[in-house]
Structures are given as C-alpha cells and as structure tokens.
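Trainee: Requesting a structural model of the entry that follows:
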Amino acid sequence: MASSFGFDLRTLEVFMIAVETGNLTTTAERLGTTQSSVSQTLANLEQNLAVRLLDRTVRPLRVTTEGRFLYDRASHLLAEARKTNRDILKGQFQQLHTVRIALVDSLATAVGRHLIDAVRRRTEDWSITTGLSHMHAPALLSRQVDIIISDDALDDHDDLARHPILREPFVLVLPPDFEGDVMSLARLQARHEFVRYPAHSLIGQTIERYLRHQRVELPRRLHLDNTFAIIATVAAGVGWAITTPLCLYQSGLQGRSVVCRPLPGQPLFRQLTLVSRRNELWDLPRVIAEDSCEILRERFLADVAGSLPWVASLIHVGEPGQR
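Mentor: Numbering: from 1, shown residues only. Okay, here's the model as predicted:
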C-alpha cells in the first residue's frame, strides 16, 4: 500500500544523511547501499512532494529553503521513531505517550486532583475534559479520547473494557421549608415548579425516561444548564429537582440548605463506568478505576453518610456489592 504522505521514515533518513554529509556517495556508504539508489530515493521524494529539496549542481550538495523545512521536521520525526523503537525492544510500555480522558462533571469535582495525579505518573502527556456528557461515548468510539467515565457503559460494544465506578440512587431535592414525605410527583408539582437538567445531558435523559415510565407530565418551564444552578434554584425556594448524591456533593452538600427525600415508587439508579478500548493502555484504566473508587469511599461516602445516612446505604462503589 502506497504512503499517502509522500515519504516514509527510511526516505527521511536518506534525505537527512544527504543533507548532513553533502555527498551522495558518503550517504550511500553510511546506509550500506549504492549511490544510484540514494539518488533515486531523493528524486522520488522531491517528485512526491513537488518541491526541490537539494541543489545537486554544486559540491557539496546545498539544501534549499524547502529542504531545510523538511530537515527540521524530519529530525523530530526520526528522533521519536528511534525512541519508540528502543522502548518497544526493551518492553518499556509503562509510560504511555498521550492519554485523553473525558468524564462527567460531578466525578471530576469529587476525584479530579487525585485522578490527575494517577494519570501523571503513567503518561508523558495527558488531557482531561468534562461537560457534554452525551458526546463522551462517540468520542471514545471515534478515538478522540482513550478513556471515559460515563453514565453510558456502551454495553453493545464487545471490544471495550469496563470498570464499575459508582452506583447511586436518584433523589428528590426540595426547598428548605419543605416538610413531610413525598407521596406523588404530581402533587409535588402543584406546590413547586420542576427544575430540569438540559435535554441533551445523559442525566437529564435518564430522568425524563423515569418520568415517562411513571406517567408523570410536568410543565417544561425551567431548564438549567448544570447542577450548581439547579440546586441553587431549589435552595432559593423556586422549585424542586431530581438529581443524585454525587451531583449534590459536587455542588456543596454541606453548604446547601435543601431537603432530600427518596423518589416515590420504584427507585431509580445511576451507574458510572470507566470504559476504554481493550488492551491498549496497559493497566492504566484499572489503576484509574481503583484510585477513583478509593477516593469516593474516603471522601464522598463519608460526607454523604454524615449528611444523608439513608442515602449512603443505597450507594455502591466499585464492583456490585462493594462498599
């Protein structure tokens, strides 16, 4: 299969030695080939790139402006290729070059700094993004990111590896002056407005499916962009919302004067899963999953147990059944 770049690493190596020696015969000797082979390789390179790289009418050979540009770029490409070759031959796979991670906002707030520490130890370069949770799964499938921690475990794709992170219940969040239990969402709506997550968010879509399943029709008046805004609106007495303990933790569980109650009827759960392409990232996905779970147990669960003990008993971190 022909290269679509106009050159390969061997061609760049020939070109670089020719520039450095200024002589085709010396280049051929260093490469263990013939002068005519070197000349033909350089001619093909110039033809493929449609530029003149070397002035062969003078001795020693003189590099052109275009040739100098290619020489500088080729130096970096070949240096990285040599390093890659050495690391593979030595079996040095522990330090990955680049890892890109996308995760839900609420988890980033809970474990962000510790997650970054774990990634730094195993990679030369990295990026972590949040927001637009509905785009995380497509980004993983199209190789725009390497790891996601998401509400969508992509269960229909057999080539992916999964590590359970958190299973938590959805809860009602009510104004600070609310008293008693909630027996019906319809009755609740008669007293306060329902505050919705954005329709494109995965958590918003899950809540809307739950409402349809419960056959509850609620006016579509309040759509707020994030948990901070939603909880602040509820705390101000404007309305009520459905969210999860981790989202409450993200927005400041201790400092929010809101009332939490169980959802009436059948419970609803949110499952966060770390998903990656199988066998590509050494043990980094497992390490990140274990670190995330440990941080959630030490920090998130402890705070929830102190503020909402009835909720803490319904939360599972890691594999099903683990606490």
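Trainee: Going by residue numbers, what spans are helices in the protein?
Mentor: 9-21, 24-31, 35-49, 65-90, 105-122, 136-141, 185-191, 202-213, 227-235, 245-250, 284-295, 301-307, 309-312 (DSSP state H).
Trainee: can those go into CSV with extra columns for distance to Leu166 and mean pLDDT?
Mentor: No exception for glycine: its C-beta is placed from N, CA and C like everyone else's. Output for those, formatted as CSV (distance: least, CB to CB, whole Å; pLDDT from 0 to 100):
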stretch, distance to Leu166, mean pLDDT
helix 9-21, 45, 91
helix 24-31, 57, 93
helix 35-49, 52, 92
helix 65-90, 35, 83
helix 105-122, 8, 79
helix 136-141, 16, 92
helix 185-191, 25, 80
helix 202-213, 13, 91
helix 227-235, 15, 90
helix 245-250, 7, 88
helix 284-295, 8, 88
helix 301-307, 10, 87
helix 309-312, 12, 90
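Trainee: looking at the ones you listed, which is buried most?
Mentor: helix 245-250 (a mean of 25; mean count of other CB atoms under 10 Å).
Trainee: Determine which of the helices of the chain approaches Glu179 most closely.
Mentor: Ranking those by proximity to Glu179 (CB to CB) places helix 185-191 first, at 11.2 Å.
Trainee: Check the offset of that closest one from the chain's centre.
Mentor: Remark: helix 185-191 is offset 38 Å from the chain centroid, using CA atoms, centre = their mean, to the nearest Å.
Trainee: Please work out which residues outside that helix touch it.
Mentor: With CB atoms under 8 Å, 6 or more residues apart in numbering as the test, helix 185-191 has contacts from 172, 174, 182, 211, 214, 216, 218-219, 240, 264.
Trainee: Just the C-alpha atoms of it, please, in CSV.
Mentor: Extracted in CSV, the C-alpha atoms of helix 185-191 (Å, rounded to 0.1, in the frame of the first residue of the first chain):
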residue,chain,number,x,y,z
LEU,A,185,-44.7,13.8,42.0
ALA,A,186,-47.9,15.3,40.6
ARG,A,187,-48.9,16.6,44.0
LEU,A,188,-45.4,18.0,44.4
GLN,A,189,-45.7,19.8,41.2
ALA,A,190,-48.9,21.6,42.4
ARG,A,191,-46.7,23.3,45.1
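Trainee: Use 45 as the first number from now on
Mentor: Got it, the first residue is 45 from now on, which makes the last one we talked about helix 229-235.
Trainee: returning to that earlier point: of all the helices of the chain, which one is nearest Thr174?
Mentor: helix 149-166 (4.7 Å).
Trainee: For the closest one, name the packing helices and strands.
Mentor: strand 140-147, strand 167-173, helix 289-294, helix 328-339 (3 or more CB pairs under 8 Å, 6 or more residues apart in numbering; DSSP states H and E).
Trainee: Relative to Ile193, which of the helices of the chain is closest?
Mentor: Ile193 lies closest to helix 149-166 among the helices of the chain, at 5.6 Å (CB to CB).
Trainee: what domains does the record give for the protein?
Mentor: 53-134, 140-209+315-347, 213-313 (automatic domain parsing).
Trainee: and Trp354, which of those domains is closest to it?
Mentor: It's domain 213-313; of the domains of the chain, that one is closest to Trp354 (CB to CB) at 7.6 Å.
Trainee: Serialize the domains of the chain to TSV and add fields for distance to Ser357.
Mentor: Shown next, in TSV, are the domains of the chain (distance: least, CB to CB, whole Å):
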stretch	distance to Ser357
domain 53-134	48
domain 140-209+315-347	10
domain 213-313	10
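Trainee: between the ones you listed, which gets nearest to Gly362?
Mentor: Here domain 140-209+315-347 is closest among the domains of the chain (CB to CB), at 4.3 Å.
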